[in-house]
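Trainee: Fold the following.
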Amino acid sequence: MPARIYLSPPDVGPDEQALVAEAFASNWIAPLGPQVDAFEREFATQVGAAHAVALSSGTAALHLALRLAGVGAGDEVLCSTLTFVASANPILYESATPVFLDCERESWNLDPNVLADALRARTGRKPKALVLVHLYGQSANLDPIAELCEKHGVILIEDAAEALGATYHGRVVGTRGFAGIFSFNGNKIITTSGGGMLVTEDAALAQRARFLATQARDAAPHYQHSQMGFNYRLSNVLAAIGRGQLRHLEEKISRRRANFDFYQMSLGDLPGLSFMPEASWGRSNRWLTCLTIDPALAGTDREKVRLALEQENIEARPVWKPLHAQPLFAQAPRFGGHVAEDLFAHGLCLPSGSNLSGEDRARVAALVGACFPNGH
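Mentor: Model prediction:
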């Protein structure tokens, strides 16, 4: 059987190896160190943020953002429903209640109209914050969402874990709200194996995030702690990988967008197949190429296509199962949900790595096309 084609594998090269060797040569192996400092500076410059705090994961970054926003027991936090569970788990860490909001079809991101409905319905109980996800590499419609949050006094936190390098009217996403968070998990557009970043315009907020992330150690010659902290800082070695990856971000985006263009050219005229649209307000990084299949028109469905690919050792995945449909959140309030449910029922993500070869990409497209009985 041919070698497995993965959905979104790491794509590393000599720059990363050289910087990791530099970290070893300096004997800075433990968390913190010059590679972490440099990665924070370079990342902040890349996204146009004043401050960046390197952390052990995107989840850790989101948890700290919620903690710094003052979210606590009894609070409600609005959250996109079409996303990975890590967008909502930190809400539970702070003993708050997630309230899930449906998406719109133009970008598959949170629908500003649903947000407006939720805020009107919660007038007697103002939500503390909104976790706004930029899904599959594409920005949500930020202007109306940010205006609604400002009008109602809701703290906006941008979950840009999947959207590094995506833009909204020319501005890099993740830099608009109270804080933005990014992920460097192994399948993301750049990776540090495991890691994340919190960005903010507020120097005091960044300083507070670093304090909490290093076990909230007080300024003393001995180990003294006056409040609870977390072990959330990034390894100096992993930061070296991140620096090398960051140097090639635009190349990786270009390759992923080329993957999308190829799939669209090869499969776009199949009956019942539609690709995730690119919204008019910005550039998607096309982290994953996503599509939907209408069984009534296609003569096949998402799951049959996924299994046909798996039989040929090719990884494809359904789009995210909406969080309001997850057993973990069965009791959580929600507004809408039918759009997200429909996208989950019919949506599929194809192999999209920035190191995907042209031969493998063509093989994936041919196998997908062969699943459609009416063909082209």
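
Trainee: how's the chain carved up into domains?
Mentor: Here the domain parsing of the chain from automatic domain parsing is 14-246, 249-370.

Trainee: which stretch among those comes nearest residue 7?
Mentor: Residue 7 lies closest to domain 249-370 among the domains of the chain, at 4.6 Å (Cβ to Cβ). Every C-beta, even on glycine, is put in place using the N, C-alpha and C of the backbone.

Trainee: What segments of the chain are strands?
Mentor: 51-55, 76-80, 97-101, 129-133, 155-159, 167-168, 171-172, 179-183, 196-200, 273-275, 289-293, 317-318, 334-335, 347-350 (DSSP state E).

Trainee: Now tabulate those in a markdown table and tack on mean neighbour count.
Mentor: Listed next are those as a markdown table, based on neighbours: other Cβ atoms under 10 Å:
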| stretch | mean neighbour count |
| --- | --- |
| strand 51-55 | 26 |
| strand 76-80 | 26 |
| strand 97-101 | 24 |
| strand 129-133 | 28 |
| strand 155-159 | 27 |
| strand 167-168 | 20 |
| strand 171-172 | 18 |
| strand 179-183 | 30 |
| strand 196-200 | 28 |
| strand 273-275 | 18 |
| strand 289-293 | 25 |
| strand 317-318 | 16 |
| strand 334-335 | 20 |
| strand 347-350 | 23 |
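
Trainee: Can you check which of those strands gets nearest to residue 213?
Mentor: Using Cβ to Cβ, the nearest of the strands of the chain to residue 213 is strand 51-55, at 5.9 Å.

Trainee: Give me the residues contacting that closest one.
Mentor: 36, 39-41, 43-44, 61, 64, 195-203, 205-206, 209-210, 213, 232-234, 239, 242 (Cβ atoms under 8 Å, 6 or more residues apart in numbering).

Trainee: thinking again about what came up before, please work out which of the domains of the chain is packed deepest.
Mentor: Across the domains of the chain, averaging neighbours per residue (mean count of other Cβ atoms under 10 Å) puts domain 14-246 on top, at a mean of 20.

Trainee: Of all the strands of the chain, which one is nearest residue 141?
Mentor: Nearest of those (Cβ to Cβ): strand 167-168, 8.0 Å.

Trainee: Parallel or antiparallel, list what pairs with that closest one.
Mentor: Paired neighbours of strand 167-168 in the sheet (DSSP bridges): strand 171-172 (antiparallel).

Trainee: Looking at the domains of the chain, spot the one closest to residue 6.
Mentor: Nearest to residue 6, of all the domains of the chain, is domain 249-370, at 5.1 Å by Cβ to Cβ.

Trainee: What's the separation between residue 76 and residue 115?
Mentor: Residue 76 sits 13 Å away from residue 115, going by Cβ to Cβ, to the nearest Å.
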